[in-house]
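Engineer: Here is a sequence with its predicted model. Questions after.
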2 protein chains.
Amino acid sequence: MTEISQRPIGVFDSGIGGLTVVHELLKQVPAESIVYFGDTARVPYGTKSAEAVRRFALQDAAFLAGHGVKMIVVACHTASSAALGLLDGRFSFPVLGVTEPGVQAALRKTTGGRIGVIGTRGTVQSGIYVRSLTEKNRQIQVWAQACPLFVPLAEEGWLDGDVTREIARIYLEPMIQAEVDTLILACTHYPLLKNVIAQVMGDSVQLIDSAEETARVVKQCLDTNMIASPGTNPAGHRFYVSDIPIQFQEVGERFLGRKLGSVQQVDIESIRIDEPD
Amino acid sequence: MTEISQRPIGVFDSGIGGLTVVHELLKQVPAESIVYFGDTARVPYGTKSAEAVRRFALQDAAFLAGHGVKMIVVACHTASSAALGLLDGRFSFPVLGVTEPGVQAALRKTTGGRIGVIGTRGTVQSGIYVRSLTEKNRQIQVWAQACPLFVPLAEEGWLDGDVTREIARIYLEPMIQAEVDTLILACTHYPLLKNVIAQVMGDSVQLIDSAEETARVVKQCLDTNMIASPGTNPAGHRFYVSDIPIQFQEVGERFLGRKLGSVQQVDIESIRIDEPD
């Protein structure tokens, strides 16, 4: 198994948001090498059709598979919602999403069975959280709310202040009315707004950070499949994107929480999607 | 010239914002047929690199050229800024952008030679407005400001209200400080926020709506080249997009100001960019 264990973990996202998941992987599985792909030429996915997101996700995964990864983490809630079923079983290695880890954590932590979910319009309209939560426990009540301005606010770096708090108040009002006890941050950008969201929701509501939970599940999956890196070689981190947009470095480092190092640009649109292997 | 005159005008944009230009064309040149392409699968362009925007714009224009258009209107400020030079001269028909019409109108209307420009980060960083305005009149002083949250606000339909006014106040503060007398709305989405922008800027500041000015220049160009439609056949309007995202119809109709009718989806990423003809 030595060979497989030393392969990198592949992580992809619609853009740079998935770097919040990489940030957690660096903390929880520091011995692992990582290949990251961010589809910055076509970002965002959250406002696009499920059909487009599935096409993009297949290309993103094919790109990572070409790098000999031992596992793929779909570090994008919209792509996890729309395409995880399509990706899972298509490869000889495990493909994990960011939905299930958040669902499992919310079910563990809820005190009164009242769970809120906030995400992009694509994630909310997919209905995946409501389905997954209530399938596992019929007593659970779920409220879901799209917060389309949260992503541009996080990218603009308006992480607190009156405007951000007021927007959070407007979006989260239905969650407060519903008296949810647990709130899943179902978008990779939302952990950056955690302070404001916590202030608006109040102390009694537990926030579920999917990035943290996903890294935990990745660690379990590596152990269960006995493919964790032995740590004999230094971990390498490679970052690929489909565009190097304005302020990429600055915004990327805000999400990763450290220096990004070198980033390579690739032409994702030319990646052919092969039949399942 | 009859044959050419009866061909449609091609209009493209990164998404649905260009429908504000179509809205003005329907008013100012109602006899013209229009083929519109909105790159909704890769929207927005305003946050992406100039290199990516040029590649996208070449594909968008090639798609419209394939529809036998007699003129192309680049109804996207970011694409006009990054790619108009590249597109102009590449085809046997005129290619017009949205930058020059706004520049010309601002130069006509300014009372004190103090002009403000607001747009996406891509448009502002291109420096095209500052260059174009000061090249034509060295006495003119120009202030430019990116307003990244205006596009998601317009798409979310938050066209007025306290949050939008407060965000406008933050972005426009440098324009007020600079005492600009004229403000160019250098993004197709911004006319939707015109009321709030006007309130924040005050009555003494003239707002330039590039969509209106562009339609005026299109009319002139049709007349000068003697390719205006004789109006003998009913004008046809065809809409193509690269994705039909969530709420497309609703948002599209907000921008167009009327019913959209049928919209066809096309695979823009497969369009080959040929050598200049």
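Structural biologist: Thanks, I have the structure now.

Engineer: Looks like A:Ser49 contacts B:Asp243 (just checking).
Structural biologist: Yes. Between A:Ser49 and B:Asp243 there is a contact under Cβ atoms under 8 Å: 5.3 Å. Yep, even glycine has a C-beta here, placed from its N, CA and C like the rest.

Engineer: Looking only at neighbour counts, state which of those two leads.
Structural biologist: A count of neighbours by other Cβ atoms under 10 Å in any protein chain shown puts B:Asp243 above the other of A:Ser49 and B:Asp243, at 25 against 19.

Engineer: Helix, strand, or coil at the more buried one?
Structural biologist: coil (DSSP: H, G, I helix; E, B strand; the rest coil).

Engineer: My read is that A:Gly257 contacts A:His23, right?
Structural biologist: Yes. Contact criterion Cβ under 8 Å: A:Gly257 and A:His23 qualify, at 4.8 Å.

Engineer: Compare the two (neighbour count), which wins?
Structural biologist: A:His23 (18 against 13).

Engineer: Contacts only, for that one.
Structural biologist: Going by Cβ atoms under 8 Å, 6 or more residues apart in numbering or on different chains, A:His23 touches A:211, A:255-258.

Engineer: Buried subset of those residues, written for PyMOL?
Structural biologist: The following PyMOL line selects those of these that are buried, judged by 16 or more other Cβ atoms under 10 Å in any protein chain shown:
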select buried, chain A and resi 211+255+256
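
Engineer: domain parsing for chain A?
Structural biologist: A:2-97+A:212-270, A:99-210 (automatic domain parsing).

Engineer: With chain B in mind, check whether the shortest one reaches it.
Structural biologist: Yes. Applying Cβ under 8 Å from any Cβ of the partner chain, one finds domain A:99-210 in contact with chain B at A:121-122, A:125, A:148-149, A:151-153, A:155-156, A:158, A:162-163, A:166-167, A:170.

Engineer: picking that back up, of the contacts of A:His23, just say which sits nearest to chain B.
Structural biologist: Taking Cβ to the nearest Cβ as the measure, chain B lies nearest A:Phe255 of the contacts of A:His23, at 14.6 Å.

Engineer: Just the element for the closest one, please.
Structural biologist: helix A:248-256 (DSSP states H and E).

Engineer: Could you list every helix and strand in contact with that helix?
Structural biologist: The contact analysis (3 or more Cβ pairs under 8 Å, 6 or more residues apart in numbering or on different chains; DSSP states H and E) places helix A:248-256 against helix A:19-28, strand A:263-265.

Engineer: How is A:Cys221 assigned, secondary-structure-wise?
Structural biologist: Assignment for A:Cys221 (three-state DSSP): helix.

Engineer: List the residues that contact the nearest residue to it once chain neighbours are set aside.
Structural biologist: Among residues not flanking A:Cys221 along the chain, A:Pro94 sits closest, at 5.7 Å (Cβ to Cβ, 6 or more residues apart in numbering or on different chains). Under the criterion of Cβ under 8 Å, 6+ apart, the contact list for A:Pro94 reads A:71-72, A:221, A:225.

Engineer: for A:Gly112, same thing?
Structural biologist: Per Cβ under 8 Å, 6+ apart, neighbours of A:Gly112: A:179, A:181.

Engineer: what helix or strand does it sit in?
Structural biologist: Per DSSP H and E, there is no helix or strand for A:Gly112.

Engineer: Against A:Ser5, how distant is it?
Structural biologist: 42 Å (Cβ to Cβ, to the nearest Å).

Engineer: Okay then, goodbye and thanks.
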